[in-house]
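Colleague: what shape does this take:
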Amino acid sequence: MIYNKKYKYKTFIPKKKFGQNFLKDSVIIEKIIKCINPLKNDLLIEVGPGLGALTIPICNIVDTLNVIDIDVDMLNFLKSKVNFSKINFFLKDVCNFNFLKFYSNNKKKKIRIFGNLPYNISTSLLINLTKVNFIIKDMYFMFQREVANRILSHPNSKLYGRLSILIQYFFKVKKLFDISPNSFYPSPKIYSTFLKFSPHKIFPQFNFDLNILSKITKIAFSRRRKILRNSLKNLFTEEILLKLNINSKLRAENLSLKKYCKLTDYLICKDIKNS
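Modeller: Below is the predicted model:
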């Protein structure tokens, strides 16, 4: 058994401001580690190590593990429980962590990232990681199930939105399994979902400006009840939409990722011509 059932997670009081819920289910822990399949020489980063439910067994497999946490008490707790000679501790807000610098400092070896993401940082961290997707080998994250369903959703769904489009442009996303609230202490009110993210080797469509894609989707989904002819009228005329083979009477949620890329490419080309 990888996980020590006698591990006294209740000796540490969770902090609500950091969205701390500690994984305690030994079956789920083993299942997660099996999915990640850490290898001895992997360049691994764990986001939010908690009380070491994954940190401790993974340290028994790898040469080095890098952990990022904003809570100094959490890192100090881990240092007192774990053989931390194998661990590099980063006391940081992961949303401000310089992944590019870390990558350069580690001989430009691709990074594997995993963790249980609190609701309040999950979307902003994912968006940040799209900007450095080329240095990532793969990622494994736990989310509240509602957030996971938004990431996984496809056109013609009420859950489909900016997050779905921006993440799916850069990563192939796979649902691995759901996790019961009873697997955590304290128990959250909803289920969690464990997802795998693999950077695309070939992108869905040529596009090289995340800011423009983000701008279009922000406008479209902030007016999602309106048809595109009206919601995007300040960016595209109806004639242009038709030229791009996009039905102007559709709504934001009806448009595929590739169609949003078409809109983005059009604005990029327009800006180049006007420069």
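
Colleague: show me where the protein has strands.
Modeller: Here the chain has its strands, by DSSP state E, at 22-23, 44-47, 65-69, 87-91, 111-116, 136-144, 171-179, 184-185, 192-199.

Colleague: quick check: buried residues in the longest helix seen in the chain?
Modeller: Taking DSSP state H as the criterion, the chain has its longest helix at helix 257-274. For helix 257-274, the neighbour count (16 or more other C-beta atoms under 10 Å) marks 257, 259-268 as buried. Quick note: C-beta positions are derived from backbone N, CA and C, even for glycine.

Colleague: ok, back up a step: for Ile240, which of the strands of the chain is the nearest?
Modeller: For the strands of the chain, proximity to Ile240 was assessed by C-beta to C-beta; strand 171-179 is nearest, at 29.3 Å.

Colleague: pull out the buried residues from the closest one.
Modeller: Quick answer for strand 171-179 (16+ other C-beta under 10 Å): 171, 173, 179.

Colleague: show me the beta-bridge partners of the second one.
Modeller: Here Val173 sits in beta bridges with Phe197, going by DSSP bridges.

Colleague: start the count at 5, not 1, going forward
Modeller: Done: numbering now begins at 5, and the last item shifts to Val177.

Colleague: ok, it touching Arg154?
Modeller: No - Val177 lies out of contact with Arg154 (C-beta atoms under 8 Å); the separation is 10.9 Å.

Colleague: just the pLDDT for Leu27.
Modeller: At Leu27, the model reports a pLDDT of 86.

Colleague: distance of it relative to Ile40?
Modeller: Distance of Leu27 to Ile40, computed by C-beta to C-beta, to the nearest Å: 13 Å.

Colleague: rewinding a little: Throw the strands of the chain into a markdown table and include distance to Leu104, thanks.
Modeller: Formatted as a markdown table, the strands of the chain follow (distance: least, C-beta to C-beta, whole Å):
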| stretch | distance to Leu104 |
| --- | --- |
| strand 26-27 | 29 |
| strand 48-51 | 13 |
| strand 69-73 | 15 |
| strand 91-95 | 14 |
| strand 115-120 | 10 |
| strand 140-148 | 11 |
| strand 175-183 | 18 |
| strand 188-189 | 32 |
| strand 196-203 | 15 |
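
Colleague: please identify which of these is closest to Leu248.
Modeller: That would be strand 175-183 among these, by C-beta to C-beta, at 25.0 Å.

Colleague: now do the contacts for Lys96.
Modeller: Lys96 is in contact with 72-74, counting by C-beta atoms under 8 Å, 6 or more residues apart in numbering.

Colleague: looking at these, spot the one nearest Ile169.
Modeller: Nearest to Ile169 among those: Ile72, at 26.8 Å, using C-beta to C-beta.

Colleague: so the residue lying closest to Lys35 once chain neighbours are set aside bridges to which residues?
Modeller: In this structure, Lys35 finds its nearest non-sequential neighbour in Phe181, 6.9 Å apart by C-beta to C-beta, 6 or more residues apart in numbering. Legend: beta-bridge partners of Phe181 under DSSP bridges are Phe198.

Colleague: Phe181 and Lys113: what is the separation?
Modeller: In this view, Phe181 and Lys113 are 29 Å apart by C-beta to C-beta.

Colleague: same question, Leu129
Modeller: Going from Leu129 to Lys113 by C-beta to C-beta gives 21 Å.

Colleague: with Lys44 instead?
Modeller: Computed as C-beta to C-beta, the Lys44 to Lys113 distance reads 13 Å.

Colleague: cool, Leu48 as well?
Modeller: Going from Leu48 to Lys113 by C-beta to C-beta gives 11 Å.

Colleague: those two: who's more crowded?
Modeller: The neighbour comparison of Leu48 against Lys113 (other C-beta atoms under 10 Å) goes to Leu48, with 22 against 12.
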